[in-house]
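Asker: Here is my input, please return the structure:
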Amino acid sequence: MANSASSARLQNQVALITGGSSGIGAGVAKAMAAEGATVVVNYSHSADEAQAVVDEIKQAGGKAVAIQADVSKEDQVLHMFDEVRRQFTTLHILVNNSGIQQDAKFLDMTLEQWQKVIDVNLTGQFLCAREAAREFVRRGPQPEVSNATGKIICMSSVHEVIPWAGHVNYATSKGGIMQLMKSMAQELAPQKIRVNSIGPGAIATPINLSARDTPEEEKSLLTLIPYGRIGEPADIGKVAVWLASDESDYVTGTTLFADGGMTLYPGFADNG
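Answerer: Now for the predicted structure:
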């Protein structure tokens, strides 16, 4: 992960990764630190896991800190952004990654299950993106650091386009993220703020362990992935680095699916 002069696409930039203590968030945090970013690893409850990510980044020669906040709570989000400014003056990259599942059949789903997922997955992205955009506008352009005034990356899912029975709250939150991202991108583009999403497919993280914890379940999952393997957090980290770098400077308002072809609806491959 050590930085090199030829591989420091995010040098002198501060990146906040929400839900950065494990899974995809940790993978993104490590990837961005390896490209020179100073990384803020946000966590809600798992302080030890967040610190472990910070320690790994520092051991590899990177820069990172952990900051606690529940992204579904406006006061905690405001405090987190104040703390980022206090420690680092400003912010250049937000990765809106925090997300949860509370699964139930639609007929059995409680309002509490519905609301909690919407609060974290969708409202949390709104609150963090709003504060990031306000900070980007307040600071103004820094062309010596980045072509864009600021970059927001929303972590969506293949389920912004693929329906998911038994997970109506989660799929709805991801469909909402798609329009949140596109509408923000449309509104913020004149300020040179780029907003995009990543749509991961099946990634080997704790959130989907139950779908792949036996060989039979993993084999079943692989039938949905034409590329023939389950993704790793590092796969998403690489995509996030590109979307945050000047290499993607003309890209805004789009979802980049990193899913091994899951959105190709493989069930139709030999059934057309």
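Asker: what packs against the longest strand along the chain?
Answerer: Longest strand in the chain by number of residues (criterion: DSSP state E): strand 193-200. Applying 3 or more Cβ pairs under 8 Å, 6 or more residues apart in numbering; DSSP states H and E, one finds that strand 193-200 contacts helix 124-139, strand 150-155, helix 168-188, helix 233-244, strand 255-258. (Each C-beta comes from the backbone N, C-alpha and C, glycine too.)
Asker: any idea how far the shortest one is from the chain center?
Answerer: Just to be clear, that refers to strand 255-258. Distance, stretch centre to chain centre, for strand 255-258: 11 Å (Cα atoms, centre = their mean, to the nearest Å).
Asker: for stretch 91-103, same thing?
Answerer: With Cα atoms, centre = their mean, you get 5 Å for stretch 91-103.
Asker: Please apply the same query to stretch 97-107.
Answerer: On the basis of Cα atoms, centre = their mean, stretch 97-107 sits 17 Å off its chain's mean C-alpha point.
Asker: Please spell out which residues along the longest strand of the chain are buried.
Answerer: 193, 194, 195, 196, 197, 198, 199, 200 (16 or more other Cβ atoms under 10 Å).
Asker: cool, and stretch 259-269?
Answerer: 259, 260, 262, 263, 266.
Asker: This protein: strands as residue ranges?
Answerer: Under DSSP E, the chain gives strands at 14-17, 38-43, 63-68, 93-96, 150-155, 193-200, 255-258.
Asker: For the longest one, list the C-alpha coordinates in CSV.
Answerer: Taking C-alpha atoms only, strand 193-200 is exported to CSV below (Å, rounded to 0.1, in the frame of the first residue of the first chain):
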residue,chain,number,x,y,z
ILE,A,193,-18.6,19.0,-8.0
ARG,A,194,-18.7,15.5,-9.5
VAL,A,195,-21.2,12.9,-8.1
ASN,A,196,-21.2,9.3,-9.1
SER,A,197,-22.2,5.9,-7.7
ILE,A,198,-20.7,2.5,-7.6
GLY,A,199,-23.0,-0.5,-7.9
PRO,A,200,-21.3,-3.5,-6.4
